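Undergrad: I'll drop the sequence and a predicted model, then ask my questions.
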Amino acid sequence: MNPWELIVQQPVINVLIVMSHYLAGDFGLAIIALTIIVNFILFPLTLRQLRSTKAMQELQPKLAEIQKKYAKDRQKLAQEQMKLYKESGIRPAGCAITMIIQFPVWIALYQSIMLSLAVAPEGLLNLAKYLYSWSVVYSALPLSREFLGIMNLAQPNFILAILVGATMWVQQKMSMTTTPTDPKQASQSQMMLWMFPMMFTLLAITFPSGLALFWTASSIVRIILQYRITGWGGLRRKAPAESEREKKYLKFEEPGERKSVDDVGADIVVTDSETSAGMNYPAKPSKMRYQPGKDRARRRRKK
Amino acid sequence: MLLKQGKWRVGRILFLAVMLIGIGLFGLGCVEGLQPIGWSGGAVSGDTMFVGSSEGRLVAINLSDESRQWTMPLKRTGQTGGLFGCAPAYGGGCGGGASGVAIYGTPVIAGDLVYIGGHNGKVYAYTIESLSMRWVYPREGYFEPIVGGLVVARGKVYFGNSDGNVYALDAATGDPLWEFKTGEKIWSTPAISNGTLYIGSFDKKLYALNADDGSIVWEFPTEGSIITTPLVSNGTVYFGSFDRHFYAVNIADGSLKWKFMGENWFWAQPVLYENTIYAGCLDDKVYALRADNGNKVAEFNLGSPVSSSPVIFDSSIIFASREGMVYTIDTRNNSLRELATMEEKVYGPLSISDEIVYIHTQDLTLHRINALNGAVLRSISLKSQN
C-alpha cells in the first residue's frame, strides 16, 4: 500500500464499513454520517472561506470608492486595494486556496466510497487489502447497496443526479455575493454557476449513486453552514438586469458625463452603493454588522 | 481596471480549481476494480481449450497450432452503455474496462456442448464443433449478473446468481427445472457430490441442496460471506469464508468438523492432495492444513493476495499470486519454489494441460508456463479479429 492508501484511504474505508454496520447496515446512512463528520472536521477551513466571502462582499463599497478616487493612478489604486485587503485580513484568492486544500479530502472520500461499494467483483477483491483486522469489518462485508430500501447505491439514479445539480447550484448561488461589473467577469461567473452543477449532474448520472448521495449530502451541509454564516447570500440578491436598468437611467440623467468603457464598472458600483440604502443590496457596512478588518485595526491602535 | 484584473485572477483560480476536481476525479480518483472485466479460466477438451474473454466471447483455442475461433460477443443488458460510452453502473473514466460482457466462470464442457455464464445474467450453451449457439437462458430478458461458474452433472446445469437464487436447467435444452432462494447474492460456484449440491452465499451460509429437486438438506452458518467453490472429499465439504475462517463440515449432517483462521478472506478454491488441504488466502499466504483435523502443516507467503485457484501437477501444487508470481509447492517436503514471473495481475483460476500451465489475464492474453521448468512460452492473444 502506498502512503496515500495507508494514511487516507484505508482509515476512511474502515470507518465507512464500521458506521454502516452500526447504522442498520445502511451504507447510504454511513455516507451521510461520514459527510457530516468530514464537514465538521473541515469546519475551520470552511468558516474561513465563508467569512472571507462575506468580507469581500462587505468591502465592495470601499473598493468602489478607492477605484473612483484613484481611477487615473493605477499604481496607487493597486496599492490602496492591497492595503484595504491587508487591513481587512482578506486574501482575494483565499476561497480558491481553501477549496484546493479540501480537494484531497474529497478525492479520498470519493475513492473510499467507490471501493467500499465494490460494484464489480474485481472491486470487492481489491477491497480486501484495505481492511483492518477487526472482526466487525469482516462480518459487515460485503456492504448492502440499498439506501433506505429504495435505492441501489451501486447504480446511477436520475433523481439523485438532479439533486446533485440543484443543491450545488443553490450552494454556488449563495456564495455569489457580489454582482460582477465586468461583462467578461459576469459571464464567467454565470458560467461557473451553471457549469459546476451541470458537470456534476452528468457525472452523477454516470457514476454509482452512492457518489451522488455523497455530493448531495456535502452540498446540503455546506448550504446549512453558509446560511448560518452569510445568510442566503446570492440567492436573495436583486437580478443584475435591474442594476443594468438603473445604470441606463443614471446615464440618461447626466448625459454629459460619459465615461470610457473601462469606467463602466465604477459607474455600476457607485450607483449600487448610492441606492443601497433603500434596496438593501449591496449593503453598506453598518455598526451592527461584521466589518472586516475593523476589529483588527482597533486592536492595532490599542497596541 | 486593476480591480477587475484581480477579480479576473480570482475567477481564473476558481476555474482552475473546478478543472482540478474534474481531472482529479477521473485521474487521481480512479480506483481499481470499478468495472467488471472477468477472469474466466480455461477448460480443455482434447486439443482445444475454451476460455471466456473480456470481450464477452467464448474463445476456442487449438493448443496444437494455436488457431483460435470466437463466438459472437454476448449481448449487454440495457443497463450498460451510458453517457460518453462509459459503463454507467460501474463508474466511467477509469481505463482498462472490459470491452464486452465480463465472463467470470470457467466454461464447462459436457457432451457436445460447452456452457458459459455471463455477467449479463445469461447462460449460454454452444456446440463444441462449430461454436454455434444451442440455447440461451433466460431466452428473453436478463438475470442479475452471473459471477460464479456453472456445474454440469446428471443432465443438468447448476449455477448461482446475484439475485440470490440457485438455478437448475436442463443441460440439453436450457429449460428451467428448479430454483432455490438464498438470503443474498451468490457469487460462488457450486460443487456436486453424490446427488447433493453445495454452494455458498453472501448471506454467510453454505447450503447443501438435493440436486434433483433443489430441496434443502442442511445449511451451515458462518460469520462472513462465502465465495469459494466448496471442495468435497471423504465425507467432508471444505470451504473458506469472509470471516477469515476455513471450514471443514460433515456432509452427512452439516456439523462442523474443524475450522482454521487466516488473516483475511478466503476467496480461491482449495485443493486436496493426499491428506493435506492447500488453501490460498487474501492475506498473501497459502495454508497447508491437515484434512482430518485442520492442523496447520505449513504456510507459504506468496507476497500478494491469492485469489486464483491452483492446479495440481504430479506431486506439486501450482499457485499464482495477484501480482503475477507463479509458485510451485512440492507436497513431498512442503517447500516453495518460484516458477515464473508475469507482468500481469492474476485473478482467475489456473488451468493445466500436458505440463503447460495456462493463465488468462485481463489484458486478453493467455499465458503459458512450462510446469516442469517454469519456462515462459509464447502467449496467445484472445483478441478477436473483428
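TA: Nice, I can see it.
Undergrad: Show me which positions of the helix or strand A:Ala55 falls within end up buried.
TA: Element membership for A:Ala55 (DSSP states H and E) is helix A:43-69. Within helix A:43-69, the residues that count as buried by 16 or more other Cβ atoms under 10 Å in any protein chain shown are A:45-46, A:48-67. All C-beta atoms are positioned from the backbone trio N, CA, C, and that covers glycine.
Undergrad: and after it, which helix or strand comes next?
TA: Per DSSP H and E, helix A:43-69 leads on to helix A:74-88 as the next helix or strand towards the C-terminus.
Undergrad: tell me the angle that following helix makes with helix A:43-69.
TA: With axes from the mean of the first three to the mean of the last three Cα atoms, to 10 degrees applied, the angle from helix A:74-88 to helix A:43-69 works out at 150 degrees.
Undergrad: other SSEs contacting helix A:74-88?
TA: Taking 3 or more Cβ pairs under 8 Å, 6 or more residues apart in numbering or on different chains; DSSP states H and E as the contact definition, the neighbouring helices and strands of helix A:74-88 are helix A:43-69, helix A:294-302, helix B:2-26.
Undergrad: Among those, show the one with the smallest mean pLDDT.
TA: Per-segment confidence across these bottoms out at helix A:294-302, which has a mean of 52 in mean pLDDT.
Undergrad: Secondary structure element for A:Met195, which one?
TA: Secondary-structure element containing A:Met195, defined by DSSP H and E: helix A:183-206.
Undergrad: Give me the mean pLDDT for that helix.
TA: Averaging pLDDT residue by residue across helix A:183-206 gives 76.
Undergrad: cool, and stretch B:218-228?
TA: 95.
Undergrad: buried set for that stretch?
TA: By neighbour count on 16+ other Cβ under 10 Å, the buried set for stretch B:218-228 is B:Trp218, B:Phe220, B:Thr222, B:Gly224, B:Ser225, B:Ile226, B:Ile227, B:Thr228.
Undergrad: and the residue nearest to the second one when sequence neighbours are not counted, how many residues sit next to it?
TA: The spatial neighbour of B:Phe220 that comes closest, neighbours along the chain excluded (Cβ to Cβ, 6 or more residues apart in numbering or on different chains), is B:Leu206 at 4.5 Å. The burial count assigned to B:Leu206 is 23, neighbours taken as other Cβ atoms under 10 Å in any protein chain shown.
Undergrad: cool, and the one 10 residues further on?
TA: In terms of burial, B:Ile216 registers 11 neighbours under the definition other Cβ under 10 Å.
Undergrad: Hmm, B:Ala208 and it touching each other?
TA: Yes. The pair formed by B:Ile216 and B:Ala208 meets the contact definition of Cβ atoms under 8 Å, at 7.3 Å.
Undergrad: Need the overlap of contacts for those two.
TA: Common neighbours of B:Ile216 and B:Ala208, using Cβ atoms under 8 Å, 6 or more residues apart in numbering or on different chains, do not exist here.
Undergrad: circling back: and the buried residues of stretch B:218-228, which two are the farthest apart?
TA: Based on Cβ to Cβ, the longest span within the buried residues of stretch B:218-228 runs between B:Trp218 and B:Ile227 and measures 20.0 Å.
Undergrad: Shouldn't the residue nearest to B:Phe220 be within a strand?
TA: Yes. The secondary structure assignment for B:Leu206 places it in a strand, going by DSSP: H, G, I helix; E, B strand; the rest coil.
Undergrad: and stretch A:202-218, anywhere near chain B?
TA: Yes. With Cβ under 8 Å from any Cβ of the partner chain as the criterion, chain B is reached by stretch A:202-218 at A:Leu202, A:Leu203, A:Ile205, A:Thr206, A:Phe207, A:Pro208, A:Leu211.
Undergrad: and the nearest residue to the third one once chain neighbours are set aside, what does it touch?
TA: Spelled out, it's A:Ile205. Residue nearest to A:Ile205 in three dimensions, not counting chain neighbours: A:Ala161, with 4.5 Å by Cβ to Cβ, 6+ apart. Contacts for A:Ala161 were tallied using Cβ under 8 Å, 6+ apart; they are A:Thr201, A:Leu202, A:Ala204, A:Ile205, A:Ser209, A:Ala212.
Undergrad: I appreciate the help and will end here.
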